[in-house]
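> Build the 3D model from these lines:
(one chain, ligands or ions: 3)
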Amino acid sequence: MGKTAVFLCHCGDNIAATVDIEKLKKEFSKDKNLVVKNHMFLCSEAGQQMILDTLDKNKDVDRLVIASCSPKHHWNIFKDCVKQKLNAYMFEMANIREHCSWVHSDREEATKKAYSIIKGAINKVQHHEPIGTVDVPVKRDVLVIGAGIAGMHASLELADKGFHVYLVEKEASIGGNMTKLGRTFPTDDCSMCTVSPIMNEVKAHPNIELLTLSEVVGLSGRVGDYNVTVETKPRYVDLDRCTACGLCTEKCPVSIPNNYNLGLDKTKAIHIPFDGSVPNAAFIEEEACLKINKGVCGICEKVCPADAVDFNQKKERRELKVGAIVVATGYQQTDLSNTEYYYEHPDVITGLELERMIVPSGPTGGKVVCPSDGREPKTITFIQCAGSRDKRHKEYCSNICCMYSIKNAKIMRAKFPDATINMCYIDIRAPGRRNEEYYALAREKNINMIMGRPSQIMDAPDGRLFFDVFDKATNKFMRVESDLIVLATALEPSEGTKRMAKVLHLQYGMDKFLSPLHVKIAPVDTTTEGIYIVGTAEGPKSIQDCIT
Ligand code: SF4
Ligand code: SF4
Ligand code: SF4
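Ligands and ions are numbered 1, 2, ... in the order given. This next block holds a predicted model:
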């Protein structure tokens, strides 16, 4: 066996500020079987050249240790470098950055630990043997989980490049949360007008196979060769026959809360998910249907002119073979019931509920009303950071709620020129192109900005709502009375995102959002090769950030 070369990286001061590189060099140089070198940035061109020069000058070196950062970052760079002189696998990386300098502050102790890590790598590399590579065919099909804006966009990008995409969506229609919004900042475009063509493009794309009412329930295999089990719930309506005439919904005797409209109105046990849904077809909510649960009724089956209702449909499982997986399972609003934020009163609503009221096809036909009695609100108050930036609930900033509340306040001003509009905030966060300008424009719309966290919301004697707040901008206590209170509710990963973390064995943070391999340089990769995250499954973000 030949000698071992040990290369110590300073990584600027990322490693060298905490680990005494010169001391390590001196220590390891005592061993005559080691050739020891150090460099400011080993991964740089100059650093790699130093490795090659060292191997040229020391022909008796047949393996090496690179003491630097995580192999997750630069293993491929060093492998390509090593293979110019030796077998590509005759090296070992010792992670003295993430595993040492970044997590310690005591220089002496960190240097001792770095010594042990490197010593371990030196011992390990003695067992390396030259190995070759084999070519393994990879599946060219891709699975995208979640058909909101991020999942649809990813599917189209892949499909346009010639990959066959399975797009799995747990709801009866694709489109996700964006279909529920009225307008989108900072352009005030109609949300449905923006997302609807994308939904139709997805449906029409020859390389995309849509699987609605479906969920991923199992995974095995590895990058390039994954086996995925997908479970599809019965729709009880034949997609090829249904013409979306709506007759079944009209005649169905069972009324249920309309989940799509967040319970603000009712629908029937059989219904089309929403105007413009894709696929545009009815489906039956199993739990509500009399025929499925009690063996009676069957009216929809009798009245359907297309003979589309099919109670013989069963839950199905399907095995898909794919080379890569994209997780786009999105976010949901945090349930704040039974917290100090969500006073149980119909006139305390969330931002998303307001969006549904703003939409002309929504539960109120585009009229914004107080849900308690249908009256027009004279005073509307937005409460920001409801559950966000709060150690008792979510510590993080939900990122988009300042902007969507500003947008909704503007819309309220346009709808109600004489109304009082308040916004209680901690501070307004409007980063990103055109957002600050958008906020500045909104400030000209006579919106009372109150800088403070409100007290508990309570009933006012006149049937309205009130809370107290200390306005830091004016140094005054205020009592704010309102007809309608709109909460900028904290966002959290959707149930689907949490489930996928388990099924696909993905890492997630304390906040339960999925963790990328590296927040800066590998923001869509995960620690599992071939599985990627896009959109809000990784953290709250705007529509534009979901697709760029
Ligand atoms: S299931 Fe039949 S009745 Fe219902 S929307 Fe479809 S075609 Fe019309
Ligand atoms: S069979 Fe079920 S879905 Fe059909 S009309 Fe009756 S209750 Fe409604
Ligand atoms: S975006 Fe604004 S409202 Fe939302 S949590 Fe952050 S600071 Fe609060």
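> Which single residue of the stretch 51-200 of the chain ends up nearest ligand 2?
Ligand 2 sits closest to residue 172 of the stretch 51-200 of the chain, with a gap of 13.4 Å, by C-beta to the nearest ligand atom. Using the backbone N, CA and C atoms, a C-beta is placed for each residue, glycine as well.
> residue contacts, that residue?
Taking C-beta atoms under 8 Å, 6 or more residues apart in numbering, we find residue 172 in contact with 212-213, 235, 273, 277, 283.
> now do 6 Å
By C-beta atoms under 6 Å, 6 or more residues apart in numbering, the contact list for residue 172 reads 212-213, 273, 283.
> Give me the subset of those residues lying in strands.
By the criterion of DSSP state E, membership of the contacts of residue 172 in strands covers residue 283.
> got the residues of this protein near ligand 1?
Residues of the chain found near ligand 1 (C-beta under 6 Å from any ligand atom) are 237, 242-248, 282, 304, 306, 308-309.
> can you do 8 Å?
Within the chain, the residues that sit near ligand 1 (C-beta under 8 Å from any ligand atom) are 237, 241-249, 270, 272, 281-282, 300, 303-309.
> now residue 429, nearest residue through space, not along the chain?
With C-beta to C-beta, 6 or more residues apart in numbering as the criterion, residue 429 has its nearest non-adjacent residue at 4.7 Å, and that residue is residue 402.
> if I look at the closest residue to residue 540 other than its chain neighbours, how far off is residue 287?
Leaving out its chain neighbours, the residue that sits closest to residue 540 by C-beta to C-beta, 6+ apart is residue 399, at 3.9 Å. Residue 399 is 34 Å from residue 287, where distance means C-beta to C-beta, to the nearest Å.
> circling back to that earlier point, pretty sure the residue nearest to residue 429 contacts residue 431?
No. Residue 402 is not in contact with residue 431 according to C-beta atoms under 6 Å; the separation is 9.5 Å.
> Have a look at those two and say which one is more surrounded.
Applying other C-beta atoms under 10 Å to residue 402 and residue 431 shows that residue 402 carries more neighbours, namely 25 against 10.
> what about that one, distance to ligand 2?
The gap separating residue 402 from ligand 2 is 42 Å, by C-beta to the nearest ligand atom, to the nearest Å.
> next helix or strand past the helix or strand containing that residue?
For residue 402, the element it lies in under DSSP states H and E is helix 401-415. As assigned by DSSP H and E, the chain's next helix or strand after helix 401-415 is strand 420-425.
> Next, the angle from whichever helix or strand comes after that following strand to strand 420-425.
Reading on from strand 420-425 to the C-terminus, the next helix or strand found by DSSP H and E is helix 435-443. Per axes from the mean of the first three to the mean of the last three C-alpha atoms, to 10 degrees, the angle that helix 435-443 makes with strand 420-425 is 140 degrees.
> Is there proximity between helix 435-443 and ligand 3?
No. For helix 435-443 and ligand 3, the contact criterion (C-beta under 8 Å from any ligand atom) is not met; the two come no nearer than 10.7 Å.
> can I assume residue 42 is in contact with residue 69?
No. Contact criterion C-beta under 6 Å: residue 42 and residue 69 do not qualify, at 8.9 Å.
> Endpoints of stretch 98-110, how far apart?
With C-alpha to C-alpha, to the nearest Å as the measure, the ends of stretch 98-110 fall 12 Å from one another.
> which residues sit against it?
For stretch 98-110, contacts defined as C-beta under 6 Å, 6+ apart pick out 15, 18-19, 70, 113-114.
> May I see the buried residues of that stretch?
Under the neighbour-count criterion of 16 or more other C-beta atoms under 10 Å, stretch 98-110 has 100-102, 104, 110 buried.
> Kindly report the same for stretch 234-244.
For stretch 234-244, the buried set under the neighbour-count rule, 16+ other C-beta under 10 Å, comprises 234-237, 242, 244.
> so how far does it reach from one end to the other?
OK, stretch 234-244 end separation, C-alpha to C-alpha: 17 Å.
> next one: stretch 250-264
Start and end residues of stretch 250-264 are separated by 19 Å (C-alpha to C-alpha).
> and that stretch, is it in reach of ligand 2?
Yes. Stretch 250-264 lies within reach of ligand 2 by C-beta under 8 Å from any ligand atom, at 251-254.
> Tell me which residues of that stretch come out buried.
For stretch 250-264, burial by neighbour count (16+ other C-beta under 10 Å) applies to 252, 254, 256, 258, 260-262, 264.
> What is the nearest of the residues you listed to ligand 2?
Nearest to ligand 2, judged by C-beta to the nearest ligand atom, of the buried residues of stretch 250-264 is residue 252 at 3.3 Å.
> For the closest residue to residue 344 other than its chain neighbours, give its distance to ligand 1.
Nearest residue to residue 344, sequence neighbours excluded (C-beta to C-beta, 6+ apart): residue 337, at 7.0 Å. Here the criterion is C-beta to the nearest ligand atom. By it, residue 337 lies 34 Å from ligand 1.
> Residue 337 bridge partners, please.
As for beta bridges, residue 337 partners with residue 342 under DSSP bridges.
> Just the element for the residue of the stretch 51-200 of the chain closest to ligand 2, please.
Assigned by DSSP H and E, residue 172 belongs to no helix or strand.
> For stretch 295-313, C-alpha coordinates in CSV please.
Only the C-alpha atoms of stretch 295-313 are listed here, as CSV (Å, rounded to 0.1, in the frame of the first residue of the first chain):
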residue,chain,number,x,y,z
GLY,A,295,-78.3,1.8,0.4
VAL,A,296,-81.1,4.2,-0.4
CYS,A,297,-81.7,7.1,-2.8
GLY,A,298,-79.7,6.7,-6.0
ILE,A,299,-81.4,9.8,-7.5
CYS,A,300,-78.3,11.0,-9.2
GLU,A,301,-77.9,7.7,-11.0
LYS,A,302,-81.6,7.9,-12.2
VAL,A,303,-81.5,11.5,-13.4
CYS,A,304,-78.1,11.6,-15.1
PRO,A,305,-78.8,12.0,-18.8
ALA,A,306,-75.3,10.7,-19.7
ASP,A,307,-75.5,7.5,-17.6
ALA,A,308,-72.3,8.7,-15.9
VAL,A,309,-72.9,7.9,-12.3
ASP,A,310,-71.2,4.6,-11.4
PHE,A,311,-71.6,3.1,-7.9
ASN,A,312,-69.5,0.1,-8.9
GLN,A,313,-66.2,2.1,-8.8
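> Pull out the buried positions in that stretch.
Within stretch 295-313, the residues scored as buried using 16+ other C-beta under 10 Å are 297, 299-301, 304, 308-310.
> ok, so of those, who is nearest residue 412?
Checking the buried residues of stretch 295-313 against residue 412 by C-beta to C-beta gives residue 300 as the nearest, at 39.5 Å.
> do you know how far the nearest residue to residue 413 once chain neighbours are set aside is from residue 478?
Closest residue in space to residue 413, ignoring its immediate chain neighbours: residue 445 at 4.4 Å, by C-beta to C-beta, 6+ apart. When distance is defined by C-beta to C-beta, residue 445 is 20 Å away from residue 478.
> mind listing the helices in this structure by residue range?
For the chain, helices defined by DSSP state H occupy the ranges 21-29, 45-57, 71-82, 107-125, 149-160, 191-204, 247-251, 290-294, 299-303, 351-358, 401-415, 435-443, 495-503, 543-546.
> could you give me the average pLDDT of the second one?
This means helix 45-57. The predicted model assigns helix 45-57 a mean pLDDT of 97.
> Okay, angle between it and helix 71-82 too, please.
In terms of direction (the same axes, to 10 degrees), helix 45-57 departs from helix 71-82 by 50 degrees.
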